[in-house]
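Colleague: Let me see the structure of the following:
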Amino acid sequence: MDVMLRLNVGMKSSEGDGDAGTLGIGALAARFGLATHVLRHWEAMGLLHPARDAGGRRRYGADDLTRVATILILKEAGLGLNTIRILSATVDRATRHEILHPTAEELRSRIAAAQASLELIEGGLNCEYEDVTQCPGYRRLLAERITERITERITERITERITERSDPRSPAGEPVAEAGAPA
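Modeller: Numbers count the residues shown, from 1 in each chain. So this is what the prediction gives:
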């Protein structure tokens, strides 16, 4: 009876589960499909704060796994690492809303644009005409899209003009003193 012993020389002690309930940097990176240098970068930015074992190696617990998942989801939503760092450091609900509100609006806008694009593409797919530009349904979708864009641009220009009037500045961009106010 032959017994074969396989030696895996590529294993590092910091890669696997060492301390109970913790992961080394390699195991955590593999779990999320990341390179280890990404986790080190996030640590340098103050996004991660792993514990260290007696040998100085990083040990990641359940809270760190949650933090990594949160970082990935927020990055996917369009937030930058600096914004994520500020967001993760605050416990104030008003500050969190102040940070997330513009991102939520931008995301809603991107979703609406993607939905409009999908509708246009589906209109082209559903058209039975040889030349899609001659299809009445496709032309209607194009006309609606063009009207929406024109309306958006007009609204933007009106908003800019209202803002300019409510914040009077000289041609050089300096604030204009109001009548009777000290200069």
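
Colleague: Can you list the low-confidence ranges for the protein?
Modeller: Flagging of the chain using pLDDT under 70 yields the residue ranges 1-20, 167-183.

Colleague: Show me the strands in it, by range?
Modeller: Counting by DSSP state E, one finds strands in the chain at the ranges 51-52, 58-59.

Colleague: Looking at these, which one is packed in the most?
Modeller: Neighbour counts (mean count of other Cβ atoms under 10 Å) averaged over each of the strands of the chain peak at strand 58-59, with a mean of 20. In short, each C-beta sits where N, CA and C put it, glycine included.

Colleague: now it, how far from the centre of its chain.
Modeller: Averaged C-alpha coordinates place strand 58-59 at 27 Å from its chain's average position (Cα atoms, centre = their mean, to the nearest Å).

Colleague: partners of that strand in the sheet?
Modeller: Applying DSSP bridges, strand 58-59 is found paired with strand 51-52 (antiparallel).

Colleague: chain center to the strand it pairs with: distance?
Modeller: Offset of strand 51-52 from its chain centre (Cα atoms, centre = their mean): 28 Å.

Colleague: Any chance you could list what contacts it?
Modeller: If you take Cβ atoms under 8 Å, 6 or more residues apart in numbering as the criterion, strand 51-52 is touched by 22, 58, 59, 60, 61.

Colleague: before we move on, the earlier item: so can I have TSV of the strands of the chain showing distance to residue 124?
Modeller: Output for these, formatted as TSV (distance: least, Cβ to Cβ, whole Å):
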stretch	distance to residue 124
strand 51-52	56
strand 58-59	52
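
Colleague: Nearest to residue 125 among those would be which one?
Modeller: strand 58-59 (50.5 Å; Cβ to Cβ).
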